[in-house]
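Enquirer: quick one, structure for this:
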Amino acid sequence: MSARRVKRLAEPRCDHHMAAAIIHHQHQDRIAVSRRDDPVGEYILPGGHLDTSGVPKTVAMLTCRHLDVPVKKAELLSSEVRDDACSRPPGVGGTGHRWWVFAIETDINPWHRLPDAGHIPGTIATWWLSRIDVQAAAQRSADLATGVLALDEWEARPGFDPAYVRLLAAHGWASLTGGELEAIEQLARAGLSA
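Expert: The predicted structure is shown next:
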């Protein structure tokens, strides 16, 4: 049994509700991204399952507090239901999530070092990525989804978890073709298996 599978069995069940924060500085072309605390360590947007907090904006704001990022402005960008796989074992209701995506504007210097591991549950690190680096990581995931990259090549230098790529594209942080986005959606529904 893979290390990822063993870890999943010990986690809480999926609650089918996710909040993601696109944390950015108004004058810098960078966003905060996290790496998952699993054997692959793919990129994700800060945030996570709602669990007991119950309010999407609360998850986004708590994430900023954990990262010591002052919030200048918080805006709901989108709310949608997506049929995507989850890193947690399925909860009641099968698969998929209702996603709430927030734009969090901060006036903190994007060269500011973000706190180390453990500040956001399930992650090992969070740091700032430029728009160019976000695009490159999203493209690696698209290359995996379209068969340009093999899974072991992607895992050696992962991009974004596929569930986050369409969110990034929808909100102007990644530019992919329609075919790449459809392949990403199919991979997000199937999930990554390690």
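Enquirer: and I23, that's in a helix?
Expert: No. Applying DSSP: H, G, I helix; E, B strand; the rest coil, one finds I23 to be strand, outside a helix.
Enquirer: if I look at it, how far off is G191?
Expert: To G191, I23 is 26 Å away according to CB to CB, to the nearest Å. Using the backbone N, CA and C atoms, a C-beta is placed for each residue, glycine as well.
Enquirer: tell me which of those two has more neighbours.
Expert: For I23 versus G191, neighbours defined as other CB atoms under 10 Å are more numerous around I23 (28 against 14).
Enquirer: torsion angles phi and psi at M61?
Expert: Main-chain dihedrals, M61, degrees, to the nearest 10: phi -70, psi -40.
Enquirer: ignore the last one, A145
Expert: Here A145 shows phi and psi, under degrees, to the nearest 10, equal to phi -60, psi -30.
Enquirer: same deal with G179?
Expert: phi -60, psi -40.
Enquirer: any idea which element P70 lies in?
Expert: Using DSSP states H and E, P70 maps to neither a helix nor a strand.
Enquirer: contact partners for it?
Expert: The contact partners of P70, by CB atoms under 8 Å, 6 or more residues apart in numbering, come to C64, T106, D107, I108.
Enquirer: quick one: it from A145, how far?
Expert: 36 Å.
Enquirer: now the residue lying closest to D83 once chain neighbours are set aside: how far from M18?
Expert: Among residues not flanking D83 along the chain, G96 sits closest, at 4.4 Å (CB to CB, 6 or more residues apart in numbering). Distance, G96 to M18, by CB to CB: 10 Å.
Enquirer: more neighbours: which of the two?
Expert: Between G96 and M18, counted using other CB under 10 Å, the more crowded position is M18 (24 against 17).
Enquirer: is that one in a bridge, and if so with what?
Expert: H49, W99 (DSSP bridges).
Enquirer: in this structure it contacts F102, no?
Expert: No. Look at M18 against F102 with CB atoms under 8 Å: they stay out of range, at 11.3 Å.
Enquirer: and for these two, which residues touch both?
Expert: When CB under 8 Å, 6+ apart defines a contact, the residues bordering M18 and F102 alike are G47.
Enquirer: and G172, that's in a strand?
Expert: No. Counting by three-state DSSP, G172 falls outside a strand, being coil.
Enquirer: number of nearby residues for it?
Expert: For G172, using other CB under 10 Å, the count is 10.
Enquirer: mind checking how far it is from A190?
Expert: Taking CB to CB, one finds G172 at 26 Å from A190.
Enquirer: one more: D29?
Expert: D29 is 32 Å from A190, by CB to CB.
Enquirer: what about H27, neighbour count?
Expert: Neighbours of H27 (other CB under 10 Å): 7.
Enquirer: repeat that for A190.
Expert: A190, neighbours per other CB under 10 Å, totals 12.
Enquirer: list phi and psi for it.
Expert: According to degrees, to the nearest 10, A190 has phi -80, psi -30.
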